[in-house]
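# no sequence on this one, just coordinates:
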């Protein structure tokens, strides 16, 4: 028997959907949310603090003249503010996030739980070392994993992110050249034109001059161009090469490249952003690499957090190891873990300290938890599945999209925009994916492929997810090939329509200011 | 493997679609000698959640957490209380497991919080404009120095004697790599004022810190004036963001750039990282700023929205001509900062700052009353240096045995500074009267 005894309709009426405008600005579950400064007041606070006693100040009059005027929110208001904003974000936990070169894999929750143990989260970097032996042991064990997986003898743990790891590697090369008395003459660093922008930027930050090398038709380093850059060798500092490279391909000639650079008296910096494709299967130490950063937030699953924090430990060959930065952890004979913080003794040749304290401990805990969970066997499978998933996407889409290069790819599939009709751009395909419920692929990168679309599924996607994604992208690709003009307005179903970036840059508004009427009233 | 969804059957079906025999086919570009035939030796195999958890708990148990007893360590990182709701917000998947907001249509959550973060940082520091965060305070300081060199087209950087030595080291390293000259003024507890005499016609910037590494607060207005007279900039540094609620902020002193550590608001100690660098400057310098910037705009429907902007400064557009090589910022730590700051409000921050100052005053009074102890920091916020009659390292070790983590020995930070008898101690809102009493009791036994 029906519970509805008052005549409430229990099935939808046959009315077609009108255009709905709402008074609140919300759209059903998607809540409108104003800026904090429009909803909070300067009198509100969401914390209960004891009242100060009114002691005599010992600030010597060095006190703030003008209050911040910043608004506060009570706890329920604050929680709602951020919860509503969170609903406007896409995330891996919602679906496939195929952002090429960024490695958006599942972030295991055990990692989060371990990082929050008070023994890791609530310890100070400068408390006596005897009181943090477990933390130092953890850093030492993570270092051992990284050295073993890369086949490299040394690792610097302190770099804060991938680009910071690049800086670490290039500063070590600079220091090695200083030790050789050649830092003033060896200034030229070779960088493939397909490289991530951080590579040339880092080289310049370290005082080097960038010399670009071309890619060949197979998406690898053009060996003839490389050799032509090495006719003169006495000014060569080294090469910065990503491998697998930004086209998602393994550099076939990597050993030859390493040999040429070494013969020229330079060092081989490898950008390890794509280490996830080879982890457990190939050791960079076997390829002639002198330095390589590892993005713990890519290969080892620490969360990207909307743009950081990252972590970029950097491994070194025997040639560069003496120049690595302080601090580092050593284990004394009695089993005591000790931090070497000064550039003396074992660290006398170190290039110094590049950051306060000892590195991204919170990320170290997560990464080691991930490694212990996978083990040597699991990590090998991680690389295999990441590469298998990318090749599956390439195979499923190569008939409707244009693969940038022939043959199998590594962990990411790269397409050009050659298949699209006139007037339809890569960005239109990317934005249409949003309407299908996906984060877009990396677009317009690498620069060596026109209208590049770089798709990295990672190993944590099931076949069913991949099929669903391929079905959606295949349909968009067909529309793009046919010149479907509606793609140019996508996304239609996202929390926001396309944003005007030109306007944002022309007259930058980088913070909230009170509307002028309020300002007048305040004055 | 609980994190790998593919089944053996899936893998076989997928290989068939691809036209490959096995995964080995994908690795044929790897030199044969470098292709490992078996899994890497010397590492354990995979383990279940329970086993991993047990192991990590064992490691964590070998560390003494700051909350487990009286704790007075500062010098660049501070033990503060973080509201429970902050961590709950951080653990929302939509913030935790998303990327840099490159696709603004589906990242307005992250972008709006960054816009709010920038507004808060600008207001706290009393500067015109703040960026979307840096790795930490020390790297922000280094970036400020090289930015000053770009702006002034000069090559000399002068560091105060009270600048945190880790900040000084990071700054010296980056500057020297770029061919800049770094002058370090003599280490001094009350040393920031000396910067007023230091700048000359070749100086790009002077870098002073308030509160400095010894806790000394200094009004840098005179330093700013004299620097500006010589055409140099003032970079004002802080490591304790809570101080901004009470102490004269960089903008009120005429700083051109400020670089600071934001850990104190919303972020735990985490043994030194991840933290969140705060970076702000005058309006006219914004195009020379490093790092990400979030700006307001409209979408195709005319609705307000936010995007990453002024990216022509950045490495992915400008490559070797970029203002910095920074790619990642410290997004999630910035979210922790902004959400805690939202809970505090300006009023709450001020009150928190007052509580911190009073706790330090009480600690200084209690220690300073002891025979042989000399408080060295003339004006302080929540941290100060003091001299003990016994070697500081020995004092701290004995305090440790008594269950009191008594501070940082200055000689750890300045090995050549002849400061073997100096301890830097901090107190915060977490410090109780019992904690201070325990410190005094334990120290009495030692000296």
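Right, received. Where do you want to start? Small disclaimer: the values here were computed from a predicted structure and weren't measured.
# For residue 393, give me its contacts.
By default, I'm working from chain A. Going by CB atoms under 8 Å, 6 or more residues apart in numbering or on different chains, residue A:393 touches A:98, A:413, A:455, A:457, A:466, A:469, A:470. The way it works is simple: take the backbone N, C-alpha and C, and place the C-beta from them, glycine included.
# was after chain B, sorry
Taking CB under 8 Å, 6+ apart as the test, what residue B:393 contacts is B:409, B:411, B:420.
# Tell me the one of those nearest residue A:357?
residue B:409 (15.9 Å; CB to CB).
# What is the neighbour count of residue B:402?
Residue B:402 has 16 neighbouring residues, counting by other CB atoms under 10 Å in any protein chain shown.
# Residue A:356 too?
30.
# now do residue B:371
Per other CB under 10 Å, the neighbour tally for residue B:371 reads 7.
# if I look at it, how far off is residue B:401?
22 Å (CB to CB, to the nearest Å).
# Now do residue B:433, the pLDDT please.
Here, the pLDDT recorded for residue B:433 equals 98.
# Equivalent analysis for the one 4 residues further on, please.
At residue B:437, the predicted lDDT confidence score is 98.
# got the contact list for the helix or strand harbouring it?
Assigned by DSSP states H and E, residue B:437 falls within helix B:433-446. With contact meaning CB under 8 Å, 6+ apart, helix B:433-446 is reached by B:69-72, B:359, B:362-363, B:366-367, B:370, B:373, B:388, B:390, B:394-395, B:398-399, B:402-404, B:406, B:427.
# when you check chain A, which of these turn up near it?
Restricting the contacts of helix B:433-446 to those near chain A by CB under 8 Å from any CB of the partner chain leaves B:71, B:362.
# Identify, from the contacts of residue A:393, the entry nearest to residue A:406.
Within the contacts of residue A:393, proximity to residue A:406 (CB to CB) peaks at residue A:413, which comes in at 12.5 Å.
# can you pull the contacts of the closest one?
Contacts for residue A:413 (CB under 8 Å, 6+ apart) come out as A:248, A:390, A:391, A:393, A:394, A:397, A:403, A:454, A:455, A:456.
# and what of residue A:302?
A:107, A:111, A:296, A:310, A:311, A:363, A:366, A:367, A:370.
# okay but residue A:39 is in contact with residue A:81, surely?
Yes: Residue A:39 lies in contact with residue A:81 (CB atoms under 8 Å); the separation is 7.0 Å.
# if I look at residue A:320, how far off is chain B?
Using CB to the nearest CB, to the nearest Å, residue A:320 is found at 16 Å from chain B.
# do the same with residue A:76
9 Å.
# In the chain, what residue spans correspond to strands?
Just so you know, I chose chain A. Along chain A, the stretches classed as strands by DSSP state E are A:154-156, A:188-192, A:209-213, A:236-242, A:267-271, A:291-293, A:314-316, A:328-331, A:337-340, A:402-403, A:413-416, A:442-443, A:453-455.
# hmm, I had chain B in mind actually
Ranges of strands in chain B, per DSSP E, are B:129-130, B:156-159, B:181-184, B:203-209, B:233-238, B:257-261, B:277-281, B:294-298, B:304-308, B:374-375, B:383-387, B:408-409, B:422-426.
# Could you give the number of residues near the closest residue to residue A:187 other than its chain neighbours?
For residue A:187, ignoring the flanking residues on the chain, the nearest one in space by CB to CB, 6 or more residues apart in numbering or on different chains is residue A:209 at 5.0 Å. Using other CB under 10 Å, the number of residues around residue A:209 comes to 13.
# Which pLDDT value belongs to residue A:209?
97.
# That one pairs with what?
residue A:188 (DSSP bridges).
# ok, now which ones touch it?
Residues near residue A:209 by CB under 8 Å, 6+ apart: A:187, A:188, A:189, A:203.
# how about the residue nearest to residue A:472 when sequence neighbours are not counted, what does it touch?
Computed as CB to CB, 6+ apart, the closest residue to residue A:472 that is not its neighbour in sequence is residue A:436, at 4.0 Å. Applying CB under 8 Å, 6+ apart to residue A:436 gives the contacts A:472, A:473, A:476.
# Let me have the contacts of residue B:393 in CSV, adding distance to chain A as columns.
Putting these into CSV (distance: CB to the nearest CB, whole Å) gives the following:
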residue, distance to chain A
B:409, 9
B:411, 11
B:420, 15
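# Which one (most neighbours) among the residues you listed?
Highest neighbour count within these: residue B:409, with 25 neighbours (other CB under 10 Å).
# Break the chain down into its domains, please.
Reading this off chain A. Per automatic domain parsing, the domain ranges recorded for chain A read A:113-370, A:378-496.
# meant chain B, my bad for not saying
If you go by automatic domain parsing, chain B breaks into B:67-81+B:345-446, B:84-340.
# and residue B:355, how many neighbours?
The number of residues near residue B:355, taken as other CB under 10 Å, comes to 23.
# distance of it from chain A?
For residue B:355 relative to chain A (CB to the nearest CB), the value is 6 Å.
# Please tell me I have it right and that residue contacts residue A:49.
Yes: counting by CB under 8 Å, residue B:355 touches residue A:49, with 6.2 Å between them.
# Overlap in contacts, those two.
residue B:429.
# Please pick the buried ones from the contacts of helix B:433-446.
B:70-72, B:359, B:362-363, B:366-367, B:370, B:373, B:388, B:395, B:398-399, B:402, B:404, B:406, B:427 (16 or more other CB atoms under 10 Å in any protein chain shown).
# pLDDT averaged over stretch B:47-54 - what is it?
98.
# Spatially nearest residue to residue 371, not counting backbone neighbours?
Picking chain A for this. Distances taken as CB to CB, 6+ apart place residue A:145 nearest to residue A:371, at 5.1 Å, with adjacent residues excluded.
# hmm, I had chain B in mind actually
Nearest to residue B:371 is residue B:447, by CB to CB, 6+ apart, at 7.7 Å.
# and that neighbour, what does it touch?
B:370, B:371, B:372, B:373, B:388, B:389, B:390, B:395.
# try 6 Å
Residues in contact with residue B:447 (CB atoms under 6 Å, 6 or more residues apart in numbering or on different chains) are B:372, B:389, B:390.
# re the thing from before, can you count the residues close to the residue nearest to residue A:371?
Quick note: residue A:145 (other CB under 10 Å) scores 22 neighbours.
# ok, now the one 3 residues further on?
Residue neighbour count, defined by other CB under 10 Å, stands at 16 for residue A:148.
# From residue B:382, how far out is it?
Distance, residue A:148 to residue B:382, by CB to CB: 43 Å.
# What about the contacts of residue A:393, which are in helices?
Judged by DSSP state H, those include A:466, A:469, A:470 as members of helices.
# Give me the nearest residue to the second one, chain neighbours excluded.
Read it as residue A:469. Residue A:469 sits nearest to residue A:96 (CB to CB, 6+ apart), 5.1 Å away.
# In the sheet, which residues pair with the residue in chain A positioned nearest to chain B? Tell me.
Residue nearest to chain B within chain A: residue A:72 (1.9 Å; CB to the nearest CB). Beta-bridge pairing for residue A:72 (DSSP bridges): residue A:41.
# Was I right to think it contacts residue A:43?
No: look at residue A:72 against residue A:43 with CB atoms under 6 Å: they stay out of range, at 7.8 Å.
# Find the nearest non-adjacent residue to the residue in the stretch 201-350 of chain B that chain A sits nearest to, please.
Using CB to the nearest CB, residue B:345 is the residue of the stretch 201-350 of chain B that sits closest to chain A, at 1.9 Å. Closest residue to residue B:345 apart from its sequence neighbours, by CB to CB, 6+ apart: residue A:72 at 1.9 Å.
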